[in-house]
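>>> model the structure of this input:
(2 chains)
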Amino acid sequence: MSIHNREIADLFDRLADLLEIDGANRFRVRAYRQAAQTIGGLSETLADRVQQGEDLTRLPNIGEGIAKKVATIVETGALPELDALEERLPAELSELMKLSGLGPKRVKALHQDLGVETIEGLRKAIEQHQVREVPGFGAKTEHKLGERLSAWQSEERRTRLIEAEEVARPLIARLHAIDGVNAVEIAGSLRRRQETVGDLDILVTAEPDLPVMDAFTGYEEVGEVVSRGDTRSTVMLRSGIQVDLRLVPRESYGAALHYFTGSKAHNIAVRRMGVERGLKINEYGVFRGEDRVAGRSEEEVYRSVDLPYIEPELREDQGEIDAARGGRLPRLIQIQDIRGDLHAHTDASDGHDRLEAMAEAAAERGYAYLAITDHSRHLTVANGLDAERLADQVDAIDRLNDKLDGRIQVLKAVELDILEDGSLDLPEDILKRLDLRVCSVHDRFDLSRTRQTERILRAMDSPMFNILAHPSGRLIGERAAYQVDLERLIEAAAERGCFLELNAQPKRLDLTDADCRLAKSLGAKVAISTDAHSTANLGYMRFGVDQARRGWLEAADVINTRPVDALRRLLER
DNA sequence: GCCGTTTTCGGCCCGACTGTTTTCAGTCG
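Just a heads-up that it's a prediction; the model follows:
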């Protein structure tokens, strides 16, 4: 099996870590990190491209040297330069650098002076008060490191977007309530709508001398005040989420929002464009010499480097700057473009609400259609429907549609299990009575990549197959994706006139942003669906749309932006 | 180590906060 992009990127990240500890040229270190970022963000499988003899130097941040190293990794699975370095420096030192407060210089000092090689070794050194004796360290640093070490090991996980929003909401409200505060904005990865966020970044603009920092560090959910200054403070909430607050004057709003939204790589790229134009871009504005020439709005910042506004979801330095420069930015899909939901359950299987209630709720959202997709018989834990019960539901939907009088169309559908041998869970005669069939894998996640891929491809061969639901099966932070060749599935879907679901459940968000880009590049269209198990769940649609935006999708790339007639035509195979 | 409508060599984003320092290095975002 070929090596994943993520694994290649990790090798370069580890190489960068150890080189940094070793005191190598910092720009060389950065080059490896940038290469790792490029590789990690690719939607195509790099190993396949290498094997096809493709020239990797076409990729940003990949030159002759790194291209050669990638080829070696693909061929042998190893990076010789990293192996050589690990002869001299323990590999786990790069783990130590992940601890907040420890960078390359301090890790090197701990290693050289105390012989610390592992996390466990650091713990012992702290307990024996050896760390405070190392030059550059002191008792206070030692104490803080000890505290962070315990907290860090108990949980080191990113927070899902929906939970981060819930944590942010009351804090935002508290800051808003301060008299004289102009704006409170969520920035960072939450604003970029990344599926998980590491910390929360909040930007405040206010008149001078307001008690903003007091309100922030005094918030009742704060566990530890990590740092506190006049313009920037960091706290750790009791929930384990770190929050950074940045306070700037009103005229810096746009520059600060841009700076604080990131991503870091995007900011660097924009600032570099500034340098080329003789401008200095920081969080206070855009400057030519001493003169501020822009910074009130993000648009101004972009305009100063001759770029159009770039949506936050695109700011990953994954080609958006080039696209902006060339006038090729996508017109990202918006929530208002969505005309219906194609995956929803009722209490006939494992949903909470009745058919009528689901239809009403969808109509209230302004949808033109809602597909009812209860589970099929094989999924017994979800009370899956057999042919008979499904036939009853089909009749019930017909009656309901008559009653609804065109306010919304309820589509007759099913979420059909793909069985282990690739056959579908219900006979064709009942499936033919449906408007569409959403198909999914709910068991045997352990199949080999080849068998899992063939299983789904075989299912797609059936003319009954319309949409592949939650294509990877992952649950963010809980369950990894099953092994499958998604690229082949996407190609197959495009060839056969099938579609891929972007499941909008906040813990699924399956497809990923990179998968969406891959689907678009291979000409496959996507259905953004909530997989709602209650009327409230229909509101998850916005998370799916956000993920699609991160995947550069436009309304035309998504089938449930179509009116119902056009949708029906698309579903004919 | 990468990169170039100025450049194939000489640059490489920018500032805040902390702790250990007597003026700044290290770390972080």
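>>> okay, now the unreliable bits of chain A?
Within chain A, the ranges that satisfy pLDDT under 70 run A:1, A:153-157.
>>> so A:Ala183 belongs to a strand, correct?
Yes. According to DSSP: H, G, I helix; E, B strand; the rest coil, A:Ala183 belongs to a strand.
>>> A:Leu59 contacts A:Thr38, doesn't it?
Yes. Using C-beta atoms under 8 Å, A:Leu59 makes contact with A:Thr38 at a distance of 5.8 Å. Bear in mind the C-beta positions are built from the backbone N, C-alpha and C, glycine included.
>>> what about those two, which has more around it?
Neighbours per residue, other C-beta atoms under 10 Å: of A:Leu59 and A:Thr38, the larger number sits with A:Thr38, 23 against 19.
>>> now do the SS call for the more buried one.
A:Thr38 - assigned by three-state DSSP - is helix.
>>> excluding chain neighbours, what is closest to it?
A:Asn61 (4.7 Å; C-beta to C-beta, 6 or more residues apart in numbering).
>>> residues contacting the one you found?
The neighbours of A:Asn61, taking C-beta atoms under 8 Å, 6 or more residues apart in numbering as the test, are A:31, A:34-35, A:37-38.
>>> in stretch A:212-224, what counts as buried?
For stretch A:212-224, the neighbour count (16 or more other C-beta atoms under 10 Å) marks A:212-213, A:215-217, A:219, A:222 as buried.
>>> so who does the residue lying farthest from the centre of chain A touch?
Most distant from the centre of chain A: A:Glu133, at 42.1 Å, with distances by C-alpha atoms, centre = their mean. Listed by C-beta under 8 Å, 6+ apart, the contact set of A:Glu133 reads A:Asp113.
>>> if we go to 6 Å?
With contacts defined as C-beta atoms under 6 Å, 6 or more residues apart in numbering, A:Glu133 is in contact with no residue.
>>> and the residue of the stretch 151-300 of chain A that's closest to DNA strand B?
Nearest to DNA strand B in the stretch 151-300 of chain A, going by C-beta to the nearest atom of the strand, is A:Gly229, at a distance of 1.8 Å.
>>> that residue and A:Leu247, how far apart?
9 Å (C-beta to C-beta, to the nearest Å).
>>> go on, A:Arg325?
From A:Arg325 to A:Leu247 the distance is 33 Å (C-beta to C-beta).
>>> the two: who's more crowded?
Higher neighbour count among A:Arg325 and A:Leu247: A:Leu247, with 23 against 14, using other C-beta under 10 Å.
>>> correct me, but the more buried one touches A:Arg232?
No. A:Leu247 is beyond contact range of A:Arg232, at 7.2 Å (criterion: C-beta atoms under 6 Å).
>>> buried residues in stretch A:550-560?
Residues A:550-555, A:557-560 are the ones in stretch A:550-560 that count as buried (16+ other C-beta under 10 Å).
>>> and A:Leu502, that one's in a helix?
No. Using three-state DSSP, the assignment for A:Leu502 is strand, not a helix.
>>> could you tell me how many residues sit around it?
29.
>>> and it, what are its bridge partners?
A:Ile528 (DSSP bridges).
>>> I figured it hits A:Thr512, correct?
No. If you go by C-beta under 6 Å, A:Leu502 and A:Thr512 don't touch, sitting 9.1 Å apart.
>>> where do the helices sit along the stretch 151-300 of chain A?
A:161-176, A:188-191, A:212-217, A:253-261, A:264-276, A:298-304 (DSSP state H, counting those that start in this stretch).
>>> out of these, deepest packed?
Ranked by mean neighbour count, the helices of the stretch 151-300 of chain A are led by helix A:253-261 with a mean of 24 (mean count of other C-beta atoms under 10 Å).
>>> how close does the residue lying closest to A:Leu567 once chain neighbours are set aside sit to A:Arg488?
Leaving out its chain neighbours, the residue that sits closest to A:Leu567 by C-beta to C-beta, 6+ apart is A:Ile559, at 6.2 Å. A:Ile559 sits at a distance of 21 Å from A:Arg488 (criterion: C-beta to C-beta).
>>> ok, now A:Ile310?
The gap separating A:Ile310 from A:Arg488 is 32 Å, by C-beta to C-beta.
>>> who's more crowded, the two?
A:Ile310 (19 against 14).
>>> helix, strand or coil for the more buried one?
coil.
>>> for A:Leu400, same thing?
The three-state assignment at A:Leu400 reads helix, by three-state DSSP.
>>> so how far is A:Thr346 from it?
Distance from A:Leu400 to A:Thr346, by C-beta to C-beta: 11 Å.
>>> who's more crowded, these two?
Here A:Leu400 and A:Thr346 are set side by side on neighbour count (other C-beta under 10 Å), and the busier one is A:Thr346, at 24 against 17.
>>> find the nearest non-adjacent residue to the more buried one, please.
Of all residues not flanking A:Thr346 in the chain, A:Leu355 sits nearest, at 4.7 Å (C-beta to C-beta, 6+ apart).
>>> burial measure for that neighbour, as a count.
20.
>>> can you tell me how far it is from A:Asp557?
30 Å.
>>> how about the strands in the stretch 301-450 of chain A?
Using DSSP state E, counting those that start in this stretch, the strands of the stretch 301-450 of chain A run over A:340-341, A:369-372, A:409-417, A:436-440.
>>> tell me the most buried of those?
Counting by mean count of other C-beta under 10 Å, the most buried of those turns out to be strand A:340-341, with a mean of 28.
>>> adjacent strands (with direction) for that strand?
strand A:369-372 (parallel).
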